[in-house]
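**Student:** below is the sequence, then the predicted model.
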Amino acid sequence: MLVTAPYFENLYLLAPQEGPLPDGRNGLLFSLALALALGDGTWPLIALDDIAWFVSHMFDSWQGWGERDLAVVGDSLTGQQIASVFERVTGVPSAYQPLPLTTLRDAIPGTGHDFAAMFRFFQSRNIAVCDRDIEALRKLHPQLTTWDAWLRATNWDGRQKNCEQESSRRSRASGGGSLSGRRQRASDVPCPSSNVSGTSVR
């Protein structure tokens, strides 16, 4: 079974808000619009193209994986790191403003408690360290995408986009390929002898 993580592409819809930053500059604020109630915790993220790569690898190497789990992640960042890397890559002034869990819970009727519970978990547990092995994942898939690399590959500038439309646009622009399609084929990579496993985020 493939155990994934939140997608970088989620940010297309959960875009940051434009406005004044704590340091007085105008820019993008990663907070309420992004429902980013991380506190001092870390957010595990992965690119959809990398998920596709791992799916292909597991199907191509099904005899080696058998009943084993593959728990994947591409990067794990604090809210401050998300904003600072975004600013460094895009040049757009950015900052992170922590959102209280209670504010997130009350802001989304019906499902807010689920999102709050998820971010409470991320605040208390770094799954990229405790439940994933990024070093082993990068040996398996050397071009596993980081937040920095994803921003550079997609040229995302913080504006809201439709994820499906953006993926189709990028596919057409690359002649039908994708980030993962231009990389080493998953079928060319042997199944590792050690299990790259982890627990699922429920």
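**Tutor:** It's in. Residues are numbered from 1 along each chain as shown.
**Student:** and the residue most central in space within the chain, helix, strand or coil?
**Tutor:** In the chain, the centroid-proximal residue (C-alpha atoms, centre = their mean) is L45; its distance is 2.2 Å. Secondary structure, DSSP: H, G, I helix; E, B strand; the rest coil: L45 is strand.
**Student:** run through the bridge partners of it.
**Tutor:** As for beta bridges, L45 partners with D75 under DSSP bridges.
**Student:** who's in contact with it?
**Tutor:** 5-8, 73-77, 147 (C-beta atoms under 8 Å, 6 or more residues apart in numbering). From N, CA and C alone the C-beta is placed, and that goes for glycine too.
**Student:** and it, how far from A37?
**Tutor:** As judged by C-beta to C-beta, to the nearest Å, L45 and A37 stand 15 Å apart.
**Student:** P93 now?
**Tutor:** As judged by C-beta to C-beta, P93 and A37 stand 22 Å apart.
**Student:** the more surrounded of those two?
**Tutor:** Neighbour totals were compared for P93 and A37, and A37 leads with 25 against 16 (other C-beta atoms under 10 Å).
**Student:** wait, isn't the more buried one in contact with P100?
**Tutor:** Yes: counting by C-beta atoms under 8 Å, A37 does reach P100; the two are 6.7 Å apart.
**Student:** name the nearest residue to R88, ignoring sequence neighbours.
**Tutor:** Excluding the flanking residues, the one nearest R88 by C-beta to C-beta, 6 or more residues apart in numbering is D148, at 7.8 Å.
**Student:** which element, helix or strand, includes that neighbour?
**Tutor:** Per DSSP states H and E, D148 falls inside helix 147-154.
**Student:** SS state for G27?
**Tutor:** For G27, the assignment made with three-state DSSP gives strand.
**Student:** for it, what are its contacts?
**Tutor:** Shown in contact with G27 (C-beta under 8 Å, 6+ apart): 18-19, 21, 87, 92-95.
**Student:** what does V92 give?
**Tutor:** For V92, the contact set (C-beta under 8 Å, 6+ apart) comprises 27-28, 86, 157-158.
**Student:** from those residues, which two are the most distant?
**Tutor:** Across the contacts of V92, the longest distance by C-beta to C-beta is 11.6 Å; it joins G27 and D157.
**Student:** sorry, back to before: just the buried residues out of the contacts of L45, in PyMOL syntax.
**Tutor:** Per 16 or more other C-beta atoms under 10 Å, the buried members of these correspond to this PyMOL selection:
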select buried, resi 5+6+7+8+73+74+75+76+77+147
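**Student:** neighbour-wise, give me the winner out of the contacts of V92.
**Tutor:** Neighbour-wise, the contacts of V92 (other C-beta under 10 Å) top out at F86, 27 neighbours.
**Student:** that's a helix at that residue, yeah?
**Tutor:** Yes: using three-state DSSP, the assignment for F86 is a helix.
**Student:** would you quantify the distance from it to R125?
**Tutor:** Separation of F86 from R125 (C-beta to C-beta) stands at 24 Å.
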